[in-house]
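Trainee: Sharing a sequence plus its predicted fold:
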Amino acid sequence: MKKYYPESELIINSDGSVFHLHLKPEFLADKVILVGDPGRVALVASHFDEKECDVESREFHTITGSYKGKRITVLSTGIGCDNIDIVVNELDALANIDFETRTDKDEFRQLTMVRIGTCGGLQENTPAGTFICSKKSMGFDGLLNFYAGRNAVCDLQIEKAFLNHMGWTGNMCQPAPYVVEADKELVDRIAGEDMVRGITIACGGFFGPQGRQLRLPLADPNQNRKIEEFEYDGDRITNFEMESSALAGLSKLMGHKATTCCMVIANRRAQKADTGYKSHIDDLIKTVLDRI
């Protein structure tokens with residue numbers, strides 16, 4: 001017997017669209033580009049040859065169209081892994097649940113999702129302007145820990161090594177990081193030969209969780225130094241952002257392909273930032289559109 005999804009679990013609006021995104025199943029393409037800033041949706045869609053739909057709801061702005069023969073949906077998520085939880089679950093529902101019967105569709109539909117965003121670089125080889133493709137994502141947000149099967153899709157050995165390195169083992173006040181490897185074929189295709197492939201940390205905030213100190217002191221002033229020094233199997237942590245881990249983890253649990261590509265706008269080690277990055281991120285957008 002097929003699983004039935006009651007109204008309280010899968011909320012469908014009166015017009016047949018999914019609750020938060022206000023998208024109908026026919027609006028969704030198999031290839032999806034996710035951006036944080038709702039204003040960046042129009043920038044991505046400006047490269048489309050034609051547009052099918054344009055839907056806005058809260059911070060979620062969606063345009064579906066075609067680019068060089070490829071049908072693509074671009075969607076804004078807002079900031080944070082909590083929003084990624086909403087977006088990925090509702091996209092999967094649009095793809096794989098029959099809204100009429102509220103049961104699973106007979107055939108699984110796999111989505112390919114690439115997040116385009118900005119980040120803070122943590123290594124000498126990630127100065128401002130660098131494009132980083134996340135081959136692994138480490139979540140400080142805790143989101144994936146609420147889902148069954150979390151251990152099956154995570155790299156438990158690197159998680160243990162990182163906890164020991166940070167001195168967080170047994171400390172209930174610190175995060176319980178999870179690490180998910182992105183789809184290798186997708187990473188190879190998107191990163192090509194001109195992007196840094198690294199380990200990305202998704203933080204639960206922009207200031208303290210990323211080691212920024214304004215008026216509030218940090219619980220561990222040496223956090224970023226320890227993160228920068230961590231190495232596992234020849235890999236180092238390359239950048240901070242706020243969404244990649246939830247995207248990687250939820251997608252892997254659901255059977256979708258996903259990765260995150262970010263442009264470095266601040267190098268935390270050099271303590272330098274580029275606030276004029278918006279004129280350059282279009283190069284990353286065009287690269288992802290060509291390779292997705």
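Mentor: All right, it came through fine.
Trainee: drop to CA atoms for contacts and neighbour counts, all remaining ones
Mentor: Will do.
Trainee: ok, and what's touching the helix or strand bottoming out on mean pLDDT in the chain?
Mentor: Ranking every helix and strand in the chain by mean pLDDT, DSSP states H and E puts strand 272-273 at the bottom, with a mean of 71. Contact with strand 272-273 is made by 128, 265-267, as judged by C-alpha atoms under 8 Å, 6 or more residues apart in numbering.
Trainee: can you tell me which of these are in strands?
Mentor: Judged by DSSP state E, strands contain the following of the contacts of strand 272-273: 265-267.
Trainee: Let me know the closest of those to residue 122.
Mentor: Nearest to residue 122, judged by C-alpha to C-alpha, of these is residue 267 at 6.1 Å.
Trainee: Which residue is the nearest non-sequential neighbour of that closest one?
Mentor: Nearest non-adjacent residue to residue 267, counting by C-alpha to C-alpha, 6 or more residues apart in numbering: residue 121, 4.5 Å away.
Trainee: partners of the one you found in the sheet?
Mentor: Beta-bridge pairing for residue 121 (DSSP bridges): residue 239, residue 267.
Trainee: ok so, going back, switch the ones in strands among the contacts of strand 272-273 over to a markdown table; also include neighbour count.
Mentor: Formatted as a markdown table, the ones in strands among the contacts of strand 272-273 follow (neighbours: other C-alpha atoms under 10 Å):
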| residue | neighbour count |
| --- | --- |
| 265 | 25 |
| 266 | 25 |
| 267 | 24 |
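Trainee: could you list every residue that touches the most centrally placed residue in the chain?
Mentor: Most central in the chain under C-alpha atoms, centre = their mean is residue 244, positioned 3.2 Å from the mean C-alpha point. By C-alpha under 8 Å, 6+ apart, the contact list for residue 244 reads 81, 115, 134, 137-139, 200-202, 259-260.
Trainee: Save those as TSV, and put in secondary structure too.
Mentor: Below are these laid out as TSV (DSSP: H, G, I helix; E, B strand; the rest coil):
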residue	secondary structure
81	helix
115	strand
134	strand
137	strand
138	strand
139	strand
200	strand
201	strand
202	strand
259	strand
260	strand
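Trainee: of those residues, buried ones?
Mentor: Among the contacts of residue 244, those buried by neighbour count (16 or more other C-alpha atoms under 10 Å) are 81, 115, 134, 137-139, 200-202, 259-260.
Trainee: okay, the residues you listed in TSV with distance to residue 214 and pLDDT next?
Mentor: What follows is the buried ones among the contacts of residue 244, written out as TSV (distance: C-alpha to C-alpha, whole Å; pLDDT from 0 to 100):
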residue	distance to residue 214	pLDDT
81	23	97
115	29	98
134	28	98
137	27	98
138	25	98
139	23	97
200	24	98
201	21	97
202	20	97
259	32	98
260	28	98
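Trainee: Around residue 177, count how many other residues there are.
Mentor: Close neighbours of residue 177, defined as other C-alpha atoms under 10 Å, add up to 25.
Trainee: How about the one 10 residues further on?
Mentor: Around residue 187 sit 24 other residues, with neighbours defined as other C-alpha under 10 Å.
Trainee: so it is in which element?
Mentor: helix 184-191 (DSSP states H and E).
Trainee: Can you point out the buried residues in that helix?
Mentor: 186-187, 190-191.
Trainee: Check which helices and strands it is in contact with.
Mentor: strand 131-139, strand 257-267, helix 281-291 (3 or more C-alpha pairs under 8 Å, 6 or more residues apart in numbering; DSSP states H and E).
Trainee: So if we follow the domain assignment, how does the chain break up?
Mentor: Structural domains assigned to the chain are 1-109, 117-292, following automatic domain parsing.
Trainee: for the longest one, how far is the first residue from the last?
Mentor: Here the two ends of domain 117-292 are set 15 Å apart, with distance taken as C-alpha to C-alpha, to the nearest Å.
Trainee: do stretch 231-239 as well
Mentor: With C-alpha to C-alpha as the measure, what separates the two termini of stretch 231-239 is 13 Å.
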